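J.: Take this sequence and fold it.
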Amino acid sequence: MANGGETKMKEYIKLIRVKHWLKNGLVFLPIFFSINLLNLNYFLTCLLAFFIFSLTSSIVYVINDLNDIEKDRLHPEKKKRPLASGKISKQQAKITILFLAILDVILMWFIYKNTSNIFIMLIPIIYLILNILYSKWLKHIPIIDVVILVSGFVLRVMYGGLVVDIEVSKYLYLMIMFGAFYMGFGKRRNEIIKNGQKSRKVLALYNKEFLDKNMYVSIALAVVCYTLWCVDPATIARVGSDYLFWTIPILIVILQLYSLNIEGNSHGDPIEVILSDKTLVGTILFYIVVMGGLLYIL
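T.: So this is what the prediction gives:
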(Lines give C-alpha, C1' and ligand atoms only; values in the text may rest on other atoms or scores of the structure.)
Protein backbone atom coordinates (compact mmCIF):
# COMPACT_ATOMS: atom_id res chain seq x y z
CA MET A 1 0.00 0.00 0.00
CA ALA A 2 2.86 2.33 0.94
CA ASN A 3 4.63 1.56 -2.33
CA GLY A 4 1.44 2.31 -4.25
CA GLY A 5 1.10 5.69 -2.53
CA GLU A 6 4.75 6.47 -3.16
CA THR A 7 4.38 5.59 -6.85
CA LYS A 8 1.30 7.80 -7.12
CA MET A 9 3.14 10.69 -5.48
CA LYS A 10 5.97 10.32 -8.00
CA GLU A 11 3.42 10.61 -10.80
CA TYR A 12 2.01 13.81 -9.28
CA ILE A 13 5.55 15.21 -9.02
CA LYS A 14 6.03 14.42 -12.71
CA LEU A 15 2.64 15.98 -13.50
CA ILE A 16 3.47 19.33 -11.92
CA ARG A 17 7.08 19.19 -13.29
CA VAL A 18 8.90 19.91 -10.01
CA LYS A 19 12.21 19.51 -11.86
CA HIS A 20 11.29 22.49 -14.01
CA TRP A 21 10.95 24.71 -10.96
CA LEU A 22 14.67 25.33 -11.46
CA LYS A 23 13.67 27.95 -14.05
CA ASN A 24 12.02 29.94 -11.29
CA GLY A 25 15.41 30.45 -9.66
CA LEU A 26 15.54 33.48 -11.97
CA VAL A 27 13.52 35.41 -9.36
CA PHE A 28 16.69 35.47 -7.23
CA LEU A 29 18.79 37.18 -9.93
CA PRO A 30 17.86 40.76 -8.92
CA ILE A 31 18.90 40.31 -5.27
CA PHE A 32 21.98 38.26 -6.25
CA PHE A 33 23.36 40.81 -8.72
CA SER A 34 22.37 43.81 -6.56
CA ILE A 35 24.40 42.31 -3.66
CA ASN A 36 21.31 41.79 -1.51
CA LEU A 37 21.22 37.99 -1.43
CA LEU A 38 22.29 37.94 2.25
CA ASN A 39 19.50 40.33 3.24
CA LEU A 40 17.20 37.92 5.08
CA ASN A 41 13.98 39.85 4.41
CA TYR A 42 14.77 40.10 0.70
CA PHE A 43 15.77 36.45 0.52
CA LEU A 44 12.58 35.21 2.23
CA THR A 45 10.43 37.45 0.03
CA CYS A 46 12.11 36.09 -3.10
CA LEU A 47 11.68 32.56 -1.74
CA LEU A 48 7.94 33.21 -1.56
CA ALA A 49 8.09 34.61 -5.10
CA PHE A 50 9.92 31.45 -6.19
CA PHE A 51 7.13 29.22 -4.89
CA ILE A 52 4.43 31.49 -6.34
CA PHE A 53 5.96 31.19 -9.81
CA SER A 54 6.59 27.48 -9.30
CA LEU A 55 2.95 26.80 -8.44
CA THR A 56 1.77 29.04 -11.30
CA SER A 57 4.02 27.28 -13.81
CA SER A 58 2.83 23.90 -12.53
CA ILE A 59 -0.78 24.96 -13.16
CA VAL A 60 0.26 25.81 -16.72
CA TYR A 61 1.97 22.42 -17.20
CA VAL A 62 -1.12 20.52 -16.01
CA ILE A 63 -3.46 22.60 -18.21
CA ASN A 64 -1.17 21.98 -21.21
CA ASP A 65 -1.13 18.24 -20.54
CA LEU A 66 -4.93 18.18 -20.29
CA ASN A 67 -5.25 20.00 -23.61
CA ASP A 68 -2.64 17.86 -25.38
CA ILE A 69 -3.42 14.46 -23.86
CA GLU A 70 -4.40 12.81 -27.17
CA LYS A 71 -1.43 14.26 -29.08
CA ASP A 72 0.95 13.30 -26.30
CA ARG A 73 -0.17 9.66 -26.55
CA LEU A 74 1.20 9.61 -30.12
CA HIS A 75 4.55 11.18 -29.13
CA PRO A 76 7.51 8.83 -28.45
CA GLU A 77 8.51 10.67 -25.24
CA LYS A 78 5.41 12.57 -24.12
CA LYS A 79 3.30 9.39 -24.07
CA LYS A 80 5.10 8.54 -20.80
CA ARG A 81 3.66 11.59 -19.05
CA PRO A 82 1.21 10.83 -16.17
CA LEU A 83 -1.92 12.01 -18.01
CA ALA A 84 -1.03 10.55 -21.41
CA SER A 85 -0.10 7.21 -19.86
CA GLY A 86 -3.30 7.11 -17.79
CA LYS A 87 -1.49 6.98 -14.44
CA ILE A 88 -3.23 10.21 -13.47
CA SER A 89 -6.88 10.73 -14.48
CA LYS A 90 -8.31 13.95 -15.94
CA GLN A 91 -10.40 14.43 -12.80
CA GLN A 92 -7.33 14.07 -10.58
CA ALA A 93 -5.47 16.58 -12.76
CA LYS A 94 -8.29 19.13 -12.41
CA ILE A 95 -8.30 18.70 -8.62
CA THR A 96 -4.53 19.23 -8.68
CA ILE A 97 -5.00 22.52 -10.57
CA LEU A 98 -7.52 23.71 -7.95
CA PHE A 99 -5.20 22.74 -5.09
CA LEU A 100 -2.23 24.53 -6.68
CA ALA A 101 -4.34 27.64 -7.36
CA ILE A 102 -5.47 27.86 -3.72
CA LEU A 103 -1.88 27.56 -2.47
CA ASP A 104 -0.79 30.16 -5.03
CA VAL A 105 -3.37 32.72 -3.90
CA ILE A 106 -2.40 32.22 -0.24
CA LEU A 107 1.29 32.84 -1.00
CA MET A 108 0.50 35.89 -3.17
CA TRP A 109 -1.51 37.35 -0.29
CA PHE A 110 1.49 37.02 2.05
CA ILE A 111 3.59 39.14 -0.33
CA TYR A 112 0.86 41.57 -1.38
CA LYS A 113 -0.27 42.42 2.18
CA ASN A 114 3.02 44.30 2.72
CA THR A 115 2.80 46.46 -0.39
CA SER A 116 0.29 48.35 -2.50
CA ASN A 117 2.00 47.46 -5.80
CA ILE A 118 -0.72 45.75 -7.83
CA PHE A 119 1.84 44.28 -10.26
CA ILE A 120 2.92 41.85 -7.55
CA MET A 121 -0.46 40.17 -8.03
CA LEU A 122 -0.67 40.83 -11.77
CA ILE A 123 2.61 39.38 -13.04
CA PRO A 124 1.84 35.72 -12.09
CA ILE A 125 -1.68 36.21 -13.49
CA ILE A 126 -0.26 37.68 -16.73
CA TYR A 127 2.11 34.71 -16.95
CA LEU A 128 -0.80 32.31 -16.45
CA ILE A 129 -3.03 34.01 -19.05
CA LEU A 130 -0.24 34.20 -21.64
CA ASN A 131 0.48 30.50 -21.24
CA ILE A 132 -3.19 29.51 -21.42
CA LEU A 133 -3.45 31.54 -24.65
CA TYR A 134 -0.26 29.81 -25.79
CA SER A 135 -1.74 26.39 -25.08
CA LYS A 136 -4.97 27.20 -26.92
CA TRP A 137 -3.85 29.27 -29.91
CA LEU A 138 -0.52 31.08 -29.80
CA LYS A 139 1.64 27.95 -29.95
CA HIS A 140 0.49 27.53 -33.56
CA ILE A 141 1.84 30.95 -34.65
CA PRO A 142 5.55 30.96 -35.62
CA ILE A 143 7.82 33.40 -33.73
CA ILE A 144 4.93 34.32 -31.41
CA ASP A 145 5.14 30.83 -29.90
CA VAL A 146 8.80 31.45 -28.99
CA VAL A 147 8.04 35.01 -27.81
CA ILE A 148 5.62 33.56 -25.22
CA LEU A 149 8.31 31.18 -23.99
CA VAL A 150 10.76 34.09 -23.74
CA SER A 151 8.25 36.25 -21.86
CA GLY A 152 8.13 33.63 -19.11
CA PHE A 153 11.85 34.05 -18.40
CA VAL A 154 11.65 37.85 -18.46
CA LEU A 155 8.59 37.91 -16.19
CA ARG A 156 10.39 35.76 -13.62
CA VAL A 157 13.29 38.22 -13.39
CA MET A 158 10.90 41.19 -13.38
CA TYR A 159 8.91 39.61 -10.56
CA GLY A 160 12.05 38.95 -8.52
CA GLY A 161 12.99 42.61 -8.71
CA LEU A 162 9.47 43.87 -8.11
CA VAL A 163 8.76 41.97 -4.89
CA VAL A 164 11.80 43.56 -3.19
CA ASP A 165 11.65 46.88 -5.08
CA ILE A 166 15.03 46.47 -6.81
CA GLU A 167 15.55 47.97 -10.28
CA VAL A 168 17.03 45.46 -12.69
CA SER A 169 19.57 46.62 -15.28
CA LYS A 170 18.19 46.85 -18.81
CA TYR A 171 21.30 45.01 -20.02
CA LEU A 172 20.44 42.06 -17.76
CA TYR A 173 16.87 42.03 -19.05
CA LEU A 174 18.18 41.98 -22.63
CA MET A 175 20.68 39.23 -21.81
CA ILE A 176 17.90 37.06 -20.32
CA MET A 177 15.66 37.84 -23.28
CA PHE A 178 18.20 36.94 -25.98
CA GLY A 179 19.36 33.89 -24.03
CA ALA A 180 15.76 32.72 -23.81
CA PHE A 181 15.29 33.28 -27.56
CA TYR A 182 18.31 31.07 -28.15
CA MET A 183 16.81 28.32 -25.97
CA GLY A 184 13.38 28.69 -27.56
CA PHE A 185 14.64 28.48 -31.13
CA GLY A 186 16.92 25.61 -30.09
CA LYS A 187 13.95 23.71 -28.67
CA ARG A 188 12.03 24.11 -31.94
CA ARG A 189 15.11 23.10 -33.94
CA ASN A 190 15.51 19.85 -32.05
CA GLU A 191 11.80 19.08 -32.21
CA ILE A 192 12.08 19.20 -36.01
CA ILE A 193 15.19 17.00 -36.03
CA LYS A 194 13.83 14.46 -33.52
CA ASN A 195 10.16 14.25 -34.43
CA GLY A 196 9.78 15.91 -37.84
CA GLN A 197 7.84 18.98 -38.91
CA LYS A 198 4.50 17.16 -38.69
CA SER A 199 4.79 16.42 -34.95
CA ARG A 200 3.65 19.95 -34.06
CA LYS A 201 1.56 22.21 -36.32
CA VAL A 202 3.84 25.24 -35.96
CA LEU A 203 6.95 23.24 -36.90
CA ALA A 204 5.70 23.01 -40.48
CA LEU A 205 6.21 26.79 -40.65
CA TYR A 206 9.82 26.63 -39.44
CA ASN A 207 12.92 25.14 -41.01
CA LYS A 208 16.25 24.15 -39.49
CA GLU A 209 18.26 26.76 -41.40
CA PHE A 210 16.06 29.64 -40.17
CA LEU A 211 16.25 28.39 -36.59
CA ASP A 212 20.04 27.92 -36.77
CA LYS A 213 20.58 31.50 -37.96
CA ASN A 214 18.35 33.00 -35.29
CA MET A 215 19.94 30.85 -32.58
CA TYR A 216 23.39 32.21 -33.48
CA VAL A 217 22.15 35.81 -33.56
CA SER A 218 20.43 35.40 -30.19
CA ILE A 219 23.41 33.82 -28.44
CA ALA A 220 25.73 36.53 -29.78
CA LEU A 221 23.41 39.29 -28.56
CA ALA A 222 23.13 37.61 -25.15
CA VAL A 223 26.93 37.73 -24.77
CA VAL A 224 27.06 41.36 -25.96
CA CYS A 225 24.38 42.45 -23.46
CA TYR A 226 26.08 40.59 -20.60
CA THR A 227 29.38 42.24 -21.52
CA LEU A 228 27.72 45.67 -21.56
CA TRP A 229 26.31 44.98 -18.09
CA CYS A 230 29.72 43.96 -16.75
CA VAL A 231 31.42 47.15 -18.01
CA ASP A 232 28.48 49.48 -17.35
CA PRO A 233 29.63 52.37 -15.08
CA ALA A 234 26.50 51.85 -12.95
CA THR A 235 27.45 48.19 -12.38
CA ILE A 236 31.08 49.07 -11.57
CA ALA A 237 29.91 51.76 -9.12
CA ARG A 238 27.57 49.32 -7.36
CA VAL A 239 30.14 46.52 -7.12
CA GLY A 240 33.07 48.81 -6.33
CA SER A 241 35.40 47.28 -8.94
CA ASP A 242 35.57 46.39 -12.63
CA TYR A 243 36.49 42.73 -12.04
CA LEU A 244 33.17 41.37 -13.29
CA PHE A 245 34.52 41.32 -16.83
CA TRP A 246 36.48 38.19 -15.83
CA THR A 247 33.16 36.30 -15.72
CA ILE A 248 32.51 36.94 -19.42
CA PRO A 249 34.70 34.00 -20.61
CA ILE A 250 32.97 31.70 -18.08
CA LEU A 251 29.56 32.69 -19.44
CA ILE A 252 30.77 32.06 -22.99
CA VAL A 253 31.97 28.57 -22.01
CA ILE A 254 28.56 27.88 -20.40
CA LEU A 255 26.78 28.92 -23.60
CA GLN A 256 29.19 26.86 -25.71
CA LEU A 257 28.58 23.76 -23.60
CA TYR A 258 24.83 24.34 -23.80
CA SER A 259 25.12 24.81 -27.55
CA LEU A 260 27.12 21.59 -27.91
CA ASN A 261 24.32 19.72 -26.14
CA ILE A 262 21.41 21.37 -27.88
CA GLU A 263 22.95 20.78 -31.30
CA GLY A 264 23.66 17.16 -30.43
CA ASN A 265 21.35 14.34 -29.41
CA SER A 266 18.96 16.45 -27.32
CA HIS A 267 15.23 17.15 -27.34
CA GLY A 268 16.03 20.81 -26.65
CA ASP A 269 14.24 21.36 -23.33
CA PRO A 270 16.49 23.78 -21.35
CA ILE A 271 16.23 21.98 -17.99
CA GLU A 272 16.81 18.56 -19.56
CA VAL A 273 19.80 19.90 -21.51
CA ILE A 274 21.42 21.39 -18.41
CA LEU A 275 20.77 18.50 -16.00
CA SER A 276 21.97 15.89 -18.50
CA ASP A 277 25.49 17.37 -18.68
CA LYS A 278 27.61 17.24 -15.50
CA THR A 279 30.29 19.45 -17.07
CA LEU A 280 27.70 22.11 -17.86
CA VAL A 281 26.23 21.93 -14.33
CA GLY A 282 29.74 22.15 -12.86
CA THR A 283 30.60 25.18 -15.00
CA ILE A 284 27.36 26.94 -13.98
CA LEU A 285 28.19 26.29 -10.31
CA PHE A 286 31.73 27.58 -10.91
CA TYR A 287 30.27 30.77 -12.43
CA ILE A 288 28.00 31.25 -9.39
CA VAL A 289 30.95 30.80 -7.00
CA VAL A 290 33.18 33.21 -8.95
CA MET A 291 30.44 35.81 -9.37
CA GLY A 292 29.45 35.43 -5.72
CA GLY A 293 33.07 35.97 -4.66
CA LEU A 294 33.41 39.08 -6.80
CA LEU A 295 30.13 40.56 -5.56
CA TYR A 296 30.19 39.62 -1.89
CA ILE A 297 33.82 39.10 -0.87
CA LEU A 298 36.14 41.37 -2.88
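J.: Apart from its chain neighbours, what residue comes closest to Leu103?
T.: Leu55 (5.6 Å; CB to CB, 6 or more residues apart in numbering). Using the backbone N, CA and C atoms, a C-beta is placed for each residue, glycine as well.
J.: For Met215, see how far away the one you found is.
T.: 31 Å (CB to CB, to the nearest Å).
J.: can you list the domain ranges for the chain.
T.: Split into domains by automatic domain parsing, the chain comes to 1-167, 169-298.
J.: residue ranges for the helices of the stretch 101-250 of the chain, please.
T.: 119-136, 144-162, 170-195, 208-231, 233-239, 248-262 (DSSP state H, counting those that start in this stretch).
J.: Flag every buried residue along stretch 69-78.
T.: The neighbour-count check on stretch 69-78 (16 or more other CB atoms under 10 Å) flags 69, 72, 78 as buried.
J.: correction: stretch 218-235
T.: Across stretch 218-235, burial judged by 16+ other CB under 10 Å covers 218-219, 221-223, 225-230, 232, 235.
J.: Quick check on the closest residue to Ile16 other than its chain neighbours: phi, psi?
T.: In space, and not counting its chain neighbours, Ile16 is closest to Ser58: 3.8 Å by CB to CB, 6+ apart. Main-chain torsions, Ser58, degrees, to the nearest 10: phi -70, psi -40.
J.: residues near Asp242, how many?
T.: 12 (other CB atoms under 10 Å).
J.: What backbone torsions are found at it?
T.: phi -110, psi 20.
J.: re the thing from before, which of Leu55 and Met215 has more neighbours?
T.: Applying other CB under 10 Å to Leu55 and Met215 shows that Leu55 carries more neighbours, namely 24 against 21.
J.: Contacts only, for the more buried one.
T.: 100-101, 103-104, 107 (CB atoms under 8 Å, 6 or more residues apart in numbering).
J.: Closest one of the residues you listed to Phe50?
T.: Leu107 (9.8 Å; CB to CB).
J.: Surely that closest one is in contact with Phe51?
T.: Yes. Using CB atoms under 8 Å, Leu107 is in contact with Phe51, at 5.7 Å.
J.: Looking at these two, which is more packed in?
T.: Leu107 (20 against 15).
J.: Give me the nearest residue to the more buried one, chain neighbours excluded.
T.: Leu107 sits nearest to Ile52 (CB to CB, 6+ apart), 4.9 Å away.
J.: Likewise for Tyr296?
T.: Going by CB to CB, 6+ apart, Tyr296 has Ile35 as its nearest residue, at 6.4 Å.
J.: For that neighbour, which residues are in contact?
T.: Ile35 neighbours (CB under 8 Å, 6+ apart): 238-239, 295-296.
J.: Need the buried ones from the residues you listed selected in PyMOL.
T.: Restricted to buried positions by 16+ other CB under 10 Å, the PyMOL selection for the contacts of Ile35 reads:
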select buried, resi 239+295
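J.: Out of the contacts of Ile35, flag the one nearest to Asp65.
T.: Leu295 (39.3 Å).
J.: thought that closest one was touching Val239?
T.: Yes. With contact defined as CB under 8 Å, Leu295 counts as touching Val239 (6.3 Å).
J.: Against Leu244, how distant is the closest residue to Leu255 other than its chain neighbours?
T.: Leaving aside its sequence neighbours, Leu255 sits nearest to Ile219 (CB to CB, 6+ apart; 5.7 Å). Distance of Ile219 to Leu244, given as CB to CB: 20 Å.
J.: mind showing which ranges of the protein have poor pLDDT?
T.: Within the chain, the stretches with pLDDT under 70 are 1-5, 114-116, 197-199, 267-268.
J.: let's go with 50 and repeat that
T.: Within the chain, the stretches with pLDDT under 50 are 1.
J.: count of residues packed around Val217?
T.: 14.
J.: separation between Pro270 and Val62?
T.: Counting by CB to CB, the gap from Pro270 to Val62 is 20 Å.
J.: so who does Lys94 touch?
T.: Leu66.
J.: oh sorry, the question was meant for Cys225
T.: Contacts of Cys225 (CB under 8 Å, 6+ apart): 171-172, 174-175, 178.
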